[in-house]
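Participant: With the sequence up front, the predicted model follows.
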Amino acid sequence: MDISTLGGASAHVSSASTSAVVPSESTEPKALTSSFGELLASVEQSAGAANDAVGQMLDGTGDVHDAMIALQRADMTLQLTVQVRNKLVQAYQEIMRMPV
């Protein structure tokens, strides 16, 4: 087995994976409240998109698959938000248990 061809392939894969990294727009860290607000806005947006997709499906102008994908995306976004909230509450409770 010729290993030299694998070296070329791995070099191609490593260059492709490093080009996908996008630097952040600003060097300032975001406030926690703004990050959580953006997460809530994305939940609201995905729920609205799911409602629109279901409405289009019921009208006959939309596809069942698109509606199901939109519903699953909205559900996953909501689950992520709930888990982030749970971790924030857990961190707050840990801080409150610390002795002063």
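Facilitator: That came in fine, so what should we check first?
Participant: hey, where'd the helices end up in the protein?
Facilitator: Listed in chain order, the helices of the chain (DSSP state H) span 4-19, 32-59, 64-97.
Participant: any weak-confidence spans in this protein?
Facilitator: Regions of the chain meeting the criterion pLDDT under 70 cover residues 1-28.
Participant: residue closest to the middle of it?
Facilitator: residue 77 (7.0 Å; CA atoms, centre = their mean).
Participant: out of everything not next to it in sequence, what's closest to that residue?
Facilitator: residue 46 (4.6 Å; CB to CB, 6 or more residues apart in numbering). Every C-beta, even on glycine, is put in place using the N, C-alpha and C of the backbone.
Participant: For that neighbour, grab the count of nearby residues.
Facilitator: 19 (other CB atoms under 10 Å).
Participant: How about the contacts made by it?
Facilitator: 70, 73-74, 77-78 (CB atoms under 8 Å, 6 or more residues apart in numbering).
Participant: Can you tell me how far it is from residue 65?
Facilitator: The gap separating residue 46 from residue 65 is 17 Å, by CB to CB, to the nearest Å.
Participant: same deal with residue 47?
Facilitator: Distance of residue 47 to residue 65, computed by CB to CB: 19 Å.
Participant: Among the two, which residue is more densely surrounded?
Facilitator: Ranked by neighbour count (other CB under 10 Å), residue 47 and residue 65 place residue 47 first, with 17 against 10.
Participant: and the residue lying closest to the more buried one once chain neighbours are set aside, how many residues sit next to it?
Facilitator: Nearest residue to residue 47, sequence neighbours excluded (CB to CB, 6+ apart): residue 74, at 4.9 Å. Neighbourhood size, residue 74 [other CB under 10 Å]: 21.
Participant: OK, contacts around residue 74?
Facilitator: Applying CB under 8 Å, 6+ apart, the residues near residue 74 are 43, 46-47, 49-50.
Participant: thought residue 47 was touching residue 76?
Facilitator: No. Using CB atoms under 8 Å, residue 47 makes no contact with residue 76, being 11.6 Å away.
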